[in-house]
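Undergrad: Structure, please.
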Amino acid sequence: MTVVREKLPGDAFVDDEGNVMPYANVADDLDARPVSDASIAQGITNLDTWRREQTMVEEAEASIAKENRMRALADDALKNAGVYVTFEENRQTQRDMIEVAATIAQYEGGEKGGYQTDNFKDRYKGKSAIVEAGARANHSKLVNHTIPRLYKADELIAAGFSKEDVFDDINQMRGELKSKYGRGKEDARAKARAELG
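TA: Predicted coordinates:
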């Protein structure tokens, strides 16, 4: 004969030996008469153990559910990644930006009147106008095409960012590049190249 010592939530109880049991296993053989103090103490211990195990199960289920939600968010983010770069692409872009800043620094001297000096004209003799036009075209290409390409301007605009905001950011970045790696900043460029590998 099975003795019910304590009813538990759901379809379970603590029997006279302290075991947690489902009603379904012993439904026809239940007796609710009191039992000894030792049996009650064992039942309390077993009940406490059962409750701790239930808490651990609930916490594990909650943790698994949270992990599944996070995995679903990550999967969705990968399917709809938008504009992004890998760490290696970012490092390469930084290297390329340093080289662009160095090249622009070379053109700045000409832009500030260097193309008109006697030294420049003597150096390139009758071809100084052609060299100047080529240098100005290369400078314009770096500013108007290379930097926006490295910044992924087209991808950002396609993703929904406004063209004005993207090019405002590019202009701000160009100013920062010039300040950090521009004309006369050879040491800063060399240090950055070494850090980026």
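
Undergrad: what's the helix or strand hosting Asn68 packed up against?
TA: According to DSSP states H and E, Asn68 maps onto helix 37-79. For helix 37-79, the packing partners by 3 or more C-beta pairs under 8 Å, 6 or more residues apart in numbering; DSSP states H and E come out as strand 2-8, strand 12-15, strand 20-22. Backbone N, C-alpha and C define where each C-beta goes, glycine included.

Undergrad: ranking those by burial, who's on top?
TA: Most buried of these, by mean neighbour count (mean count of other C-beta atoms under 10 Å): strand 12-15, with a mean of 20.

Undergrad: what packs against that strand?
TA: strand 2-8, strand 20-22, helix 23-26, helix 37-79.

Undergrad: which residues does Asp11 contact?
TA: By C-beta atoms under 8 Å, 6 or more residues apart in numbering, Asp11 lies in contact with Pro22, Tyr23, Ala24.

Undergrad: Closest one of the residues you listed to Glu111?
TA: Pro22 (86.1 Å; C-beta to C-beta).

Undergrad: what pairs with the closest one across the strands?
TA: Ala12 (DSSP bridges).

Undergrad: Hmm, it is touching Val14, no?
TA: No: with contacts counted by C-beta atoms under 8 Å, Pro22 stays clear of Val14, the gap being 11.6 Å.

Undergrad: And for stretch 178-194, what's in contact with it?
TA: By C-beta under 8 Å, 6+ apart, stretch 178-194 touches Gln94, Arg95, Met97, Ile98, Ala101, Ala102, Ile104, Ala105, Glu108, Gly109.

Undergrad: same question, stretch 104-124
TA: 128, 130-132, 135-136, 138-139, 142-143, 177-178, 181-185.
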